[in-house]
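>>> one predicted model, sequence on top.
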Amino acid sequence: MKSKDIIIKTLVCVMVLIGGYNASLYAQSEELTITTFYPSPYGIYRVVKLEPSDAIGGAGGGCAAIERGEIQYNSTDNTLLLCDGSTWVELGGEEGDYLWQYTGGAGGPIVNRRSSDVNVTSNLNVPGTLTAGTVNAGTVNAPTVNATTVNATTVNTTDVNAAGTVTANTVIANLLHSNGDITANGSVRACGADIAEPIPAAMGIEAGDVVRIDPEKINEVVKTSVPYDVSVAGIISTKPGVELGQEWKKEGTQLLALAGNVPCKVTTSNGVIQPGDLLTTSSKPGYAMKFTLLDYSQAQDMNKLKAMMKENEQRRLSIIGRALEPLKEGDGKIHVLVTK
């Protein structure tokens, strides 16, 4: 059939018949060229509208090989159907067991209703919530990602909820929640500089306090108030980078620093504190002081020397950390490297 070019310079509305169904093609352009090789027009249009039809019988219905690639609008359940050469497959809509649903207007969620896999060869950008079984993509950009497994180079999101495994070089999120494993090929970076775990604490305890095991209660801490207290537990964390367990969400618990760099209340009651000095408990409740040992040269006899040696051994058990900052006078708060 010989091709024919038609040039239209005003708003056009072309009605065509495709496979027995009416379709309206709307285009507004200063100049629109349509080249027809068959009854169906080819070209680029601003709006393509399909007339509603339920004649094809919905998803799962048979279609001919010659219809492969055709898209029909099924008005019965408001879905778009694509012929794959033998069967009509759902592309999307508002109801039914289709692959994708987009709701909520601008920024609304995009949901994989079958919770199956999403495989993208490059980047995946979703304006709302992404819900799927497994997400495989280069970069995932979505406010919220709900998936069983996420495999991506970079994940940019507010919340990640994964029941399985999260594997990524970079994860940027306010909340990363996984019931399975989290595997990182690169580094895991956090704003805080210490690792902490929740522990029941007495009333009045706050971040930076030095605490000891409460001898009158089970699994609870109180503020220290005795120099060189061997029952010292450590320092209450201010903003840990890693929080272990879920008990910290319960009322009456505090986060106890286990390792890392943490702010600590200190006093110079036992001398000026310099960076590198070891710290221990003090008589001021909740405060640490400079750690010192008894001078053996001051022993007047062997019994005195033995007593001093025993005291020094006990004192070594009360070390809580090493000062990273100085304090020349009075009370204050400095960063301490937890060593206990």
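Okay, I see it. Here the structure is a predicted model, which is why all the values come from computation and not from measurement.
>>> after the longest strand belonging to the chain, which helix or strand is next?
When the chain is parsed with DSSP state E, its longest strand is strand 253-267. Next helix or strand after strand 253-267 toward the C-terminus (DSSP states H and E): strand 278-281.
>>> wait, what's in contact with residue 210?
223-224, 232, 234-236, 264-265, 281, 286-288, 320 (CB atoms under 8 Å, 6 or more residues apart in numbering). (Glycine included, C-beta is placed from N, CA and C.)
>>> now restrict these to buried residues only.
Neighbour counting by 16 or more other CB atoms under 10 Å classes 223-224, 232, 234-236, 264-265, 281, 286-288, 320 among the contacts of residue 210 as buried.
>>> ok, these vs residue 204, which is closest?
Lowest distance from residue 204 to the buried ones among the contacts of residue 210 (CB to CB) belongs to residue 223, with 7.5 Å.
>>> my read: that closest one touches residue 209, true?
Yes - assessed by CB atoms under 8 Å, residue 223 is found in contact with residue 209 at 5.7 Å.
>>> overlap in contacts of these two?
With CB under 8 Å, 6+ apart as the test, residue 223 and residue 209 both reach residue 286.
>>> quick one: average pLDDT of whichever strand or helix holds residue 132?
According to DSSP H and E, residue 132 maps onto strand 129-141. Mean pLDDT, strand 129-141: 76.
>>> dihedrals phi and psi, residue 148?
Note on residue 148: its backbone torsions stand at phi -70, psi -50 [degrees, to the nearest 10].
>>> was I right to think it contacts residue 161?
No - assessed by CB under 8 Å, residue 148 is found out of contact with residue 161, at 10.0 Å.
>>> and residue 156, how many neighbours?
A count of nearby residues for residue 156, using other CB atoms under 10 Å, gives 16.
>>> verify the stated contact: it with residue 143.
No - if you go by CB under 8 Å, residue 156 and residue 143 don't touch, sitting 9.4 Å apart.
>>> how about the strand holding residue 132: buried residues?
By neighbour count on 16+ other CB under 10 Å, the buried set for strand 129-141 is 129-132, 134-137, 139-141.
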